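Kindly return the folded structure for what I paste below:
(2 chains)
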Number of protein chains: 2
Amino acid sequence: MPVYHAPLRDMRFVMNEVLDIENAFAQLGYEDCGADTIDAVLDEAAKFCENVLAPLNQTGDQEGCTWTETGVKTPSGFRDSYQQFVENGWSSISGPTEYGGMGLPNTLAMAVSEMAATANWSWSMYPGLSKGCSNTILAHGTQQQRDTYLPKLVSGEWTGTMCLTEPHCGSDLGMLRTKAEPQRDGTFKLTGTKIFISAGDHDMADNIVHIVLARLPDAPQGTKGISLFIVPKFMPNEDGSLGERNTVHCGSIEHKMGIKASATCVMNFDGATGFLIGPENRGLNCMFTFMNMARLGTAMQGLTSSEGSYQGSLVYAKERLQMRALTGPKNPTGPADPIIVHPDVRRMLLTQKAFAEGGRMLFYWLCLLEDQMRKTSDEAEHKALDDLMGFMTPIAKAFMTETSIETTNLGMQIFGGHGYIAEWGMEQIARDARIGTIYEGTTGIQAIDLLGRKVLPSRGDMLRKFTKLAGNFCEEYKDIESLAPYMTTLTGLMKNLTDLTAEIGFKGMQNPDEVGAASVDYLMICGYLVFGFMWLRMAVVAQHALDNGSDDKFYRAKLHTTRFYFERILPRVYGHIKTMRSGAANLMDMDAELFAF
Amino acid sequence: MPVYHAPLRDMRFVMNEVLDIENAFAQLGYEDCGADTIDAVLDEAAKFCENVLAPLNQTGDQEGCTWTETGVKTPSGFRDSYQQFVENGWSSISGPTEYGGMGLPNTLAMAVSEMAATANWSWSMYPGLSKGCSNTILAHGTQQQRDTYLPKLVSGEWTGTMCLTEPHCGSDLGMLRTKAEPQRDGTFKLTGTKIFISAGDHDMADNIVHIVLARLPDAPQGTKGISLFIVPKFMPNEDGSLGERNTVHCGSIEHKMGIKASATCVMNFDGATGFLIGPENRGLNCMFTFMNMARLGTAMQGLTSSEGSYQGSLVYAKERLQMRALTGPKNPTGPADPIIVHPDVRRMLLTQKAFAEGGRMLFYWLCLLEDQMRKTSDEAEHKALDDLMGFMTPIAKAFMTETSIETTNLGMQIFGGHGYIAEWGMEQIARDARIGTIYEGTTGIQAIDLLGRKVLPSRGDMLRKFTKLAGNFCEEYKDIESLAPYMTTLTGLMKNLTDLTAEIGFKGMQNPDEVGAASVDYLMICGYLVFGFMWLRMAVVAQHALDNGSDDKFYRAKLHTTRFYFERILPRVYGHIKTMRSGAANLMDMDAELFAF
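Numbers count the residues shown, from 1 in each chain, chains lettered A, B, ... in the order given. Just a heads-up that it's a prediction; the model follows:
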């Protein structure tokens, strides 16, 4: 298993040098979250993730979760490390102070999450889902619901879930069947089966709070007849202690390709007591809070998979001796050269590095935008940030997970045969990463959300939010000679993308399938351009630092990687553009019966 | 687990309609292998693969192999089904008649292998490796060695292995250390450790014949000091019965991402008795027979993974109801439409179909070329075929396995969440496929072989063998209106590729790293063009059939898929071309110490 080292230098570079986070936090009213606090949090969290969570990653995969009559058992060490996590206060960094949280910015909490997630993704899913749960209750719950659940969720003593999927409905939530029957006391009895419920049952915390989508008896059909409910595993007493066991049980757990230490549960609701949260039949709207967070969290999984895989393969590429460099021996006294001398190994490593670090830049920036959006009282600013986040979220989710399939496969590839062997840990990273493009809305769903529900209905306005920002940036820094060609390339491609958007919009008015046929290529093109912008933002800071006399090799690496990104990754958009423009007919003209074997 | 149906219609289309195989076989002297024989073999083999091997695929994955003191145990049913396989004569289809084989063309045997491999790849590796072993003994063994080993290997009573890799040397065989000390009786004592030995030990056959690379005491360093040895698990007595147990043992088996039912063994040679095969110090040359076969076999794995995954996801895409078509309900009486109505699902399915069927066309064609090469007594023809095979083999191996990573991931993606769950079988196909780009020479190794050892040293001559063939084909059929645009595209891209080859050759003379830096993009471009040629060959036949009045939808599907391939897959080459032309500097200028995290 690769040893995890928290990439603190790069995390601080993004936060301090690119995002000027201390100032940004101060402007949001987080005056207490100065450089010292940020540093201390990152340093301590790094130790916990490196020393406590990372060692449980491979054993967790091997042991997996176990279903028993009395509940799901997580792998050895999971419960204890989670208790430590809670006791050390890691759960409550960004929780509201009125419910016992530290009230620090979410961006800082997400930097901690990044480390936990790279160290042990399966483990990190348990607290990860709690946060969406508590945010949903904070946003949509009654005061009583907040008072009952938030202190325990914020502290981490209880964890949360999100119960959407049913056997016959995944992407298509309008088809869901779980029933909620109103009772005289104002509660509801929920009956139905939910599947793929992460952390649906486990032994790490005392109670589990399920956020459940279900239908009231007289609800309209489709997505407009879905309501949201809180269903606790144990009924909370008024004094906060645990009461009666609710009739929600884990029927079985799934055997999966990866994330084996994360319990994926079939949850049976047998007349389980639930509490309505938010307005009747508006459950899906309330759930969006949770879903958008989960999408950003999955985007983060993409970056952490790329990071973890890069860390492993880089160490190996420097140590493994095999063949001589094509230009002659570089390690003449050894039996062969380290494989990092080979151009193709470098291509693979730089691809991993470009997606890991570019992903970090994008993710932290989006977290900061989200903090800003949550804090602002200016309606116009909120709208502008909401639009930008609406554009960026499906891209970050789909693009960062799609590219993590590539990077984690490259990690295995660099290891050669050893990459396929469990012992070395690289294949686990690839297996764990693989779920990323599927859950929280597949890549296809994200792509339709982006193009069909956001960019086109806004007549391109949501795209322009991004192109304007990136265009202004390129204009501002166009005099930096080393980066000028890349700025020109990015600006030109954004112009292309704007034209292409109009072209698809026009075709889509005549035939809606044109939108579906273009959507995934469109999303991938957006992803490559957004990452281009991210790399330029980092490159400008790095170039300034070098111009100001720094001799830190870190900055030179940033400039090299920017060059690599623009010369060897970004050109993929030309293939996507050509494919996308080929239209829907080559997909739709073939009768379904002609698909055969 | 997807149910396997042998794609007999497509197999026969390629063999009978595109390759005119009956005639081709007759010209090679296989007059006995007429249409009836071919049909009977395919039909019977299909039944065996569908009914006996396919049901053991998922259970084999779940159970895996088990190491014991007395040898490796394969999963339940493996031994019995292998006995049936041997008794039914499937092992000996193409074996030489003088050693008990049926003496049928290898192409036909490989069609049988394709079915076994799709049904159960892990299982098929046991007989798959035997064939390389017997071919090596046939090509390089003494008459006595042939008489001793071939009857048993051809019948399948014994199986074979290929022992190359050692812990410190995989791609770099020059570093291998296993020693072979000559004994007075003409035998050798082999000492050393080999790893990643597929089928190194198992309980399916009575004896195992290891083909082992090792060094004689006074051998020159590097690859020119490697000799080849036969090391049987049990020493054969003169009467063919089994004698003493040799001192070669399986020390442990690997725990791998996939192909879990295939035993991947650490083999310890403790002064094991071996017999020199071929000339001293020329072992690597002799091994090339085996390695080229193994590469073609791995190419086949690529196509079978694509095929198996396509079969699974197609059934699901037609059955799974989720969302409505963007153009309005297609299944108005149902709760939702089958997901095959969605453009992006069709994009994924057609990608699988294009790579599975294109791969089959390429693979069968290469098998036929190989049969022709083996049979010809004309030196010039042999050289021409050898050159073409030399060009095609690394492309087929690397391209078909790289694209199978994509297709098998798409198979999971079409299943949504269920794609990640073991029960449905799609993730097993992806895990099993994943080894393809690694073993038998990684993609990087194949790419250097293609560009650095074949195309450039031949001054482009080996590329021209292909471009001339495909160019003449396009010229011959340029009047088929429906295909003319694709012929033009392919011809143009081949011209580009020729120019690019010269460009890289020129740059490579100044800096060898330019060759390494270009190699994988170069191979992928070649792969896309070769597949373009394959699709055109199939499309010409399909168009003729339709022009001649056929109303078989099979032909229309071929034309649709050709269009899809040219409009939505082939454009990827533009990204590769641009990336490849960016040169080596963006990979090599960055100091190794700047790679960090």
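
Which helix or which strand is home to A:Thr161?
strand A:158-163 (DSSP states H and E).

pLDDT (mean, whole number) over that strand?
Mean per-residue pLDDT for strand A:158-163: 96.

again, but for stretch A:37-56
For stretch A:37-56, the per-residue pLDDT averages 97.

circling back to that earlier point, and the strand holding A:Thr161, what does it pack onto?
Helices and strands touching strand A:158-163, by 3 or more C-beta pairs under 8 Å, 6 or more residues apart in numbering or on different chains; DSSP states H and E, are helix A:121-140, helix A:143-155, strand A:188-198, strand A:207-214, helix A:283-319. For glycine as for every other residue, the C-beta is placed from the backbone atoms N, C-alpha and C.

Work out the gap between that strand and the centre of the chain.
In terms of C-alpha atoms, centre = their mean, to the nearest Å, the centre of strand A:158-163 is set 17 Å apart from its chain centre.

Other residues contacting that strand?
A:126-127, A:129-134, A:149, A:152-153, A:194, A:197-200, A:202, A:204-213, A:231, A:267, A:287, A:290-291, A:294 (C-beta atoms under 8 Å, 6 or more residues apart in numbering or on different chains).

Domain parsing of chain A, as residue ranges.
Annotated domains of chain A cover A:54-88+A:120-281, A:454-589 [automatic domain parsing].

just so I know, which of those lies nearest B:Thr403?
domain A:454-589 (14.3 Å; C-beta to C-beta).

For the closest one, give the mean pLDDT please.
For domain A:454-589, the per-residue pLDDT values average out at 98.

pLDDT below threshold where in chain A?
For chain A, applying pLDDT under 70 flags no range at all.

in it, which spans are strands?
Along chain A, the segments classed as strands by DSSP state E run A:66-68, A:71-73, A:158-163, A:179-182, A:188-198, A:207-214, A:227-232, A:234-236, A:242-245, A:248-253, A:264-277.

ok so, going back, quick one: the helices and strands packed on strand A:158-163 as TSV, columns for distance to chain B and mean neighbour count too.
Below are those laid out as TSV (distance: least, C-beta to the nearest C-beta, whole Å; neighbours: other C-beta atoms under 10 Å in any protein chain shown):
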stretch	distance to chain B	mean neighbour count
helix A:121-140	13	24
helix A:143-155	25	19
strand A:188-198	5	22
strand A:207-214	16	26
helix A:283-319	6	24
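
who wins for proximity to A:Ile253 among the ones you listed?
strand A:188-198 (9.6 Å).

where does the stretch 401-550 of chain A come near chain B, residue by residue?
A:405, A:409, A:412-413, A:416-417, A:419-423, A:427, A:430-431, A:434-435, A:437-439, A:442-444, A:447-448, A:452, A:511-513, A:515-517, A:519-520 (C-beta under 8 Å from any C-beta of the partner chain).

let's go with 7 Å and repeat that
Taking C-beta under 7 Å from any C-beta of the partner chain as the criterion, the neighbours of chain B within the stretch 401-550 of chain A are A:405, A:409, A:413, A:416-417, A:419-423, A:427, A:431, A:434-435, A:437-439, A:442, A:444, A:447, A:512-513, A:515-517, A:519-520.

what about the closest residue to chain B within the stretch 101-250 of chain A, how many neighbours?
Closest residue of the stretch 101-250 of chain A to chain B, C-beta to the nearest C-beta: A:Asp172 (4.4 Å). By other C-beta atoms under 10 Å in any protein chain shown, 20 other residues sit near A:Asp172.

ditto for the one 10 residues further on
Applying other C-beta under 10 Å, we find 14 other residues in the vicinity of A:Pro182.

quick one: A:Thr223 and A:Leu284 touch, right?
Yes - the pair A:Thr223 and A:Leu284 passes the contact test of C-beta atoms under 7 Å, sitting 5.3 Å apart.

Overlap of the contact sets of those two?
Listed contacts common to A:Thr223 and A:Leu284 are A:Leu173; contacts here mean C-beta atoms under 7 Å, 6 or more residues apart in numbering or on different chains.

Let me see the contact set for A:Pro220.
Applying C-beta under 7 Å, 6+ apart, the residues near A:Pro220 are A:Asn281.

measure it to B:Asn135 for me?
Applying C-beta to C-beta, to the nearest Å, the value for A:Pro220 to B:Asn135 is 69 Å.

before we move on, what about A:Lys330?
Using C-beta to C-beta, we find A:Lys330 at a distance of 38 Å from B:Asn135.

now swap in A:Asn331 and tell me
37 Å.

Kindly provide the distance from the closest residue to A:Gly527 other than its chain neighbours to chain B.
Excluding the flanking residues, the one nearest A:Gly527 by C-beta to C-beta, 6 or more residues apart in numbering or on different chains is A:Phe399, at 2.9 Å. Look at A:Phe399 and chain B: by C-beta to the nearest C-beta, to the nearest Å, they are 15 Å apart.
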